[in-house]
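J.: With the sequence up front, the predicted model follows.
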Amino acid sequence: MTATRYDRQMYALMNDRRAAAAYATPARRRLLVTVHVALTAVGAGAWIATVFGPGYGPAVAIAVVMLPWVVLTGMLNGSTRGLLELRGRMLDERQLVERDRVRALSHRITLWLLVAAAAGAGTCSTLTDAPVRAAVTPVLVGVLVVHWIMPLWVAGLRVQDDLADDVADGS
C-alpha cells in the first residue's frame, strides 16, 4: 500500500524537530509527562465536576487547561515521532514492536487501576451506607480518561534518545 497525502502530512508533522529541544533529554520528557498528567487530572476532574456536580464553575478550569494540554499532547506525540498516531504502514518494524509494547504495558497499568477502583467502590459500599452509584460513574469516567491517554504517557517515558543526538553530544 502506498502512503496517502494524509499519511505523508502526519509523518512530516510527527517528525518535525523544531520543538525537539523541549523533549531532548529523558528528564525533560519526564517533566512533560508529569505536567501532562497534572493537566489531564485537572481537566478531567473539572469535566466530571461540571457534568456530575452542581454549577458550571469547573467549566472555566477546562477552558484554561485545554490549550496547554493540547500543546503538551503534541509535544509528547512529537517526542515519540508519532508512535501512537501514525498508521502502521508508516512505521518501521522496530516502531511497530515498540508500539505493541507500549500498548501492552499501558493496558496492564490501567487493568490494575480498574482493580483498585473496583476494590475502592466495594470497600466504600461495605464501610458506609452511602450510595455507591453516585460515585461509580465519575470514577469510571476518570479511569476511562486514564485508559485512553496512558499509552501516550508510557510512550513518552519509554522513548529513547535519537542516536544522532548522542553522536552530536560527543557520547
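T.: Cool, got the structure.
J.: How confident was the prediction at the most centrally placed residue in the chain?
T.: In the chain, the residue lying closest to the centroid (CA atoms, centre = their mean) is Ile149, at 3.2 Å. Predicted confidence (pLDDT) for Ile149: 96.
J.: before we move on, what about the one 10 residues further on?
T.: Reading off the confidence values, Val159 has pLDDT 90.
J.: Surely it is in contact with Thr80?
T.: Yes - under the criterion of CB atoms under 8 Å, Val159 makes contact with Thr80 at 5.1 Å. Yep, even glycine has a C-beta here, placed from its N, CA and C like the rest.
J.: coming back round to it: please name the nearest non-neighbouring residue to the residue nearest to the centre of the chain.
T.: Thr40 (5.9 Å; CB to CB, 6 or more residues apart in numbering).
J.: where's the one you found, which helix or strand?
T.: helix 26-52 (DSSP states H and E).
J.: on contacts alone, who are the packing partners of that helix?
T.: helix 58-79, helix 133-158 (3 or more CB pairs under 8 Å, 6 or more residues apart in numbering; DSSP states H and E).
J.: and Leu83, which of the three is it?
T.: coil (DSSP: H, G, I helix; E, B strand; the rest coil).
J.: Quick check: phi and psi at it.
T.: phi -50, psi -40 (degrees, to the nearest 10).
J.: Val159 and Thr80: which is more packed in?
T.: Between Val159 and Thr80, counted using other CB atoms under 10 Å, Thr80 has the larger neighbour count: 25 against 18.
J.: close enough to count as contact, the more buried one and Val154?
T.: No - counting by CB under 8 Å, Thr80 does not reach Val154; the two are 9.8 Å apart.
J.: confidence score at Thr137?
T.: The score at Thr137 is 81. That number is its pLDDT.
J.: nearest residue to it other than its sequence neighbours?
T.: Leaving aside its sequence neighbours, Thr137 sits nearest to Phe52 (CB to CB, 6+ apart; 6.7 Å).
J.: give me the number of residues near that neighbour?
T.: Neighbour count of Phe52, defined by other CB under 10 Å: 12.
J.: So it versus Ala134, what's the distance?
T.: 8 Å (CB to CB, to the nearest Å).
J.: Tyr6 too?
T.: Distance check for Tyr6 against Ala134: by CB to CB, it reads 43 Å.
J.: for Gly120, same thing?
T.: Between Gly120 and Ala134 the computed distance is 14 Å (CB to CB).
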